[in-house]
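K.L.:
please find the sequence and the predicted model below.
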Amino acid sequence: MGEQANINSIIDGHAGELVALYSRGRPTTYDTLRQQVAAARGGLIERGLDAGDRVALLCGNNRQFVVSYLATVGIGAVAVPLNPSSPANELERELGAAGVVAVVVDATAASVWRRLDASSLADIRLVIGPDSASGTTVGDDAVPFDALIAAEPAPTSDVDADQLAVLIFTSGTAGSPKAAMLSHRNLLSNIEQARSSGDRFSSDDVVYAVLPLFHIFGLNVVLSAALAEGATVVLVQRFDPATAIESIRARKITVMPGVPTMWVAMSQLENVPDDAFHGVRLALSGAARLPIETAESMRSRFELSISEGYGLTEASPVVTGSAGHEPRFGSIGKVLDGVDVKLVNEDGEEPPVGDAGEIWVRGENVFLGYLDDPEATERVLTPDGWLRTGDIAIVDEDGYLYLVDRAKDLVIVSGFNVYPVEVEDVLMQHPAVLEAGVIGVAHPHTGEAVKAFVVARPGMEIDEDALIDHAADHLARYKCPSKILFVDELPRNASGKLVRRSLVEL
């Protein structure tokens, strides 16, 4: 038997009277959380679940998700967090691909659950529904959540640290969505890596948790890392910038993890007091590149420095961070302690400082592979344990990394490499441009050409030719868009990351 470790242990050892969660405005102390998780473990075992069974979590950011997640991994079963707003056919495919035998459905997901094709749910033998007092039902055979947490408590199961704990669907480094396999060791090691590198929370912290818990950023960076330190987690179902500002002051938020779309929205709010973020000691941004102008705006308006980091689901997820260092605009920070990173160029060698290369990652946080897909796993994991991320970066002499782009998004025009992000950044420097997305399209003479999709700022107008001229003032001719389409919005995933493959369909 190998080393024993269970991610469930993150809630142990904290003072019982401390508030662990605020969900729908109601507090749950660590004592109460531990009791409810222990009872839920017992309830799952009592209803026939065992180590290795796959349990889908179809929930928003609320107490039902947290208790169900911790109870699932606590008995050695495998948690499968799913997006409750996904289309029915996508959920059916994910439930089948993950081999799910039990599902936890909260009130926010009840309607989508009822729309699923019954024939696709034949292998599911247990459904945990919302509280019986909610007035929301998901089927006659469903067990109300309050009945689950009224069961006889069961202890946390001993599991091998390398046992599978979570399956998270991601397009990640391998294209089409696949289930990334994360072990207890992966999750716990990344919490420890971030902790030792300056991103440490404390029991005095109040953490704003609006990032979706079905995403690895929300699950491990926000929820688990906060609970591991005995902090208070304020669970928020959906992001609204004005409401967020109110909550920061009302709940005395000290840690604010976000994604660039959140920070952009808050930076553009008007009539916000200069001290709106006065109590926030740590502001984090990840999942996509933070626009430099947004970071500058937040610092100048609110004296708030945003620490940008980088990670991916396959790394559980954090690889680099700026907390503990002086943030540099445009940088994703330095490599975390306990994580190995190297840049590899097209020749398979490490490039000189300042030259671009693909980020390769190695450490205990690197995932086990993709479920039932050894070929995809082999494409991203080398025999000696390096994870090929597909992300291109440069590093400066001080060890700060700067993302350039994703390797698979590279556009090649007449043999020259064009990184879409570079073009997007130039387009967004125009005062009339709110957002920009760039892809490569086939061209009979140059192989590929640059095509841009632009969202104009409200109340401002600009034509295609003027914007192409703007790009030509800042970029080599081969990097300039040959075509620009103006759209109402860009396709983004749940974490706010631009989904370039969906631009093709616009």
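P.N.:
Sure, I can see it. Residues are numbered from 1 along each chain as shown.
K.L.:
please name the residues that touch the residue nearest the centre of the chain.
P.N.:
In the chain, the C-alpha nearest the mean C-alpha coordinate belongs to F217, at 3.3 Å (C-alpha atoms, centre = their mean). Neighbour list for F217: L211, P257, V259, G286, A287, G311, P317, S495 [criterion: C-beta atoms under 8 Å, 6 or more residues apart in numbering]. Heads up, the C-betas are built off the backbone N, CA and C, glycines and all.
K.L.:
separation between it and G459?
P.N.:
33 Å (C-beta to C-beta, to the nearest Å).
K.L.:
ditto for R362
P.N.:
49 Å.
K.L.:
equivalent analysis for L387, please.
P.N.:
When distance is defined by C-beta to C-beta, L387 is 45 Å away from G459.
K.L.:
try I359
P.N.:
Relative to G459, and taking C-beta to C-beta, I359 is found at 39 Å.
K.L.:
what do you get for L148?
P.N.:
From L148 across to G459, the span is 51 Å (C-beta to C-beta).
K.L.:
contacting residues for A56?
P.N.:
With C-beta under 8 Å, 6+ apart, A56 has these contacts: V80, P81, L82, E94, L95, A98, V100, A102, V103, V104.
K.L.:
list just the nearest of those residues to R501.
P.N.:
Nearest to R501, judged by C-beta to C-beta, of these is E94 at 18.3 Å.
K.L.:
please, which helix or strand holds the closest one?
P.N.:
helix 88-98 (DSSP states H and E).
K.L.:
just checking, what packs against that helix?
P.N.:
strand 54-58, helix 110-115, strand 178-183 (3 or more C-beta pairs under 8 Å, 6 or more residues apart in numbering; DSSP states H and E).
K.L.:
tell me what angle the next helix or strand after it forms with helix 88-98.
P.N.:
Remark: after helix 88-98, the chain's next helix or strand is strand 100-105, criterion DSSP H and E. Computed by axes from the mean of the first three to the mean of the last three C-alpha atoms, to 10 degrees, the angle separating strand 100-105 from helix 88-98 equals 140 degrees.
K.L.:
just to revisit the earlier point, list the buried ones in the helix holding E94?
P.N.:
Buried residues in helix 88-98, counted by 16 or more other C-beta atoms under 10 Å: L91, E92, E94, L95, A97, A98.
K.L.:
stretch 398-407 too?
P.N.:
Y400, L401, Y402, L403, V404, D405, R406, A407.
K.L.:
which residues sit against it?
P.N.:
For stretch 398-407, the surrounding residues in contact (C-beta under 8 Å, 6+ apart) are 289, 310, 320, 325, 328, 330-335, 341, 356, 358-359, 390-396, 419-422.
K.L.:
span of that stretch from start to end?
P.N.:
Distance between the boundary residues of stretch 398-407 (C-alpha to C-alpha, to the nearest Å) amounts to 24 Å.
K.L.:
coming back round to it: more neighbours: R362 and G459, which one.
P.N.:
Legend: neighbour count by other C-beta atoms under 10 Å for R362 and G459, higher for R362 (17 against 6).
K.L.:
how about the contacts made by the more buried one?
P.N.:
By C-beta under 8 Å, 6+ apart, the contact list for R362 reads V339, D340, V341, D384, G385, W386, L387.
K.L.:
now, those that are in helices?
P.N.:
Within those, no residue falls in helices by DSSP state H.
K.L.:
quick check on those residues: which are buried?
P.N.:
In the contacts of R362, burial by neighbour count holds for V339, V341, W386, L387, counting by 16+ other C-beta under 10 Å.
K.L.:
now V319: which helix or strand?
P.N.:
Assigned by DSSP H and E, V319 falls in strand 318-321.
K.L.:
just the pLDDT for L401.
P.N.:
Predicted confidence (pLDDT) for L401: 96.
K.L.:
that one pairs with what?
P.N.:
Here L401 sits in beta bridges with G333, V395, going by DSSP bridges.
K.L.:
out of the contacts of R362, who's nearest G2?
P.N.:
G385 (16.7 Å).
K.L.:
wait, what's in contact with that closest one?
P.N.:
R362, V366.
K.L.:
with L506 instead?
P.N.:
Here L506 is in contact with F453, L485, V487, P491 (C-beta under 8 Å, 6+ apart).
K.L.:
the stretch 301-450 of the chain: helices as residue ranges?
P.N.:
374-380, 420-428 (DSSP state H, counting those that start in this stretch).
K.L.:
would you mark the buried spots in the shortest one?
P.N.:
For helix 374-380, burial by neighbour count (16+ other C-beta under 10 Å) applies to A376, T377, V380.
K.L.:
show me the contacts for the second one.
P.N.:
The one in question is T377. G369, Y370.
K.L.:
and it, how far from V138?
P.N.:
As defined by C-beta to C-beta, T377 lies at a distance of 35 Å from V138.
K.L.:
quick one: neighbours of S300, just the number.
P.N.:
Residues near S300, counting by other C-beta under 10 Å, number 10.
K.L.:
and the gap between it and A109?
P.N.:
Taken as C-beta to C-beta, the span from S300 to A109 is 41 Å.
K.L.:
and the closest residue to Y419 other than its chain neighbours, how far from G390?
P.N.:
Sequence neighbours aside, D405 is the residue nearest to Y419 in space, at 3.9 Å (criterion: C-beta to C-beta, 6 or more residues apart in numbering). Note on D405: its distance to G390, by C-beta to C-beta, is 10 Å.
K.L.:
and for D469?
P.N.:
Separation of D469 from G390 (C-beta to C-beta): 33 Å.
K.L.:
can you pick out the residue with more neighbours from these two?
P.N.:
It is G390, of D469 and G390, that has more neighbours when counted by other C-beta under 10 Å, with 20 against 11.
K.L.:
confidence score at that one?
P.N.:
So G390 comes in at 91 (pLDDT).
K.L.:
same check on the one 3 residues further on?
P.N.:
Per-residue confidence at A393 stands at 95 (pLDDT).
K.L.:
how about N190?
P.N.:
Per-residue pLDDT puts N190 at 97.
K.L.:
contacting residues for T137?
P.N.:
A110, G129, P130.
K.L.:
can I assume the last one is in contact with V105?
P.N.:
Yes - if you go by C-beta atoms under 8 Å, P130 and V105 touch, sitting 7.2 Å apart.
K.L.:
and for these two, which residues touch both?
P.N.:
V138.
K.L.:
for V166, see how far away E303 is.
P.N.:
Taken as C-beta to C-beta, the span from E303 to V166 is 37 Å.
K.L.:
the more surrounded of those two?
P.N.:
Higher neighbour count among E303 and V166: V166, with 27 against 11, using other C-beta under 10 Å.
K.L.:
and that one, that one's in a strand?
P.N.:
Yes - assessed with DSSP: H, G, I helix; E, B strand; the rest coil, V166 lies in a strand.
K.L.:
ok, what's across the strand from it?
P.N.:
The partner residues for V166, given DSSP bridges, come to A79, L182.
K.L.:
my read is that R185 contacts V166, right?
P.N.:
No - taking contacts as C-beta under 8 Å, R185 lies outside contact range of V166: 11.8 Å.
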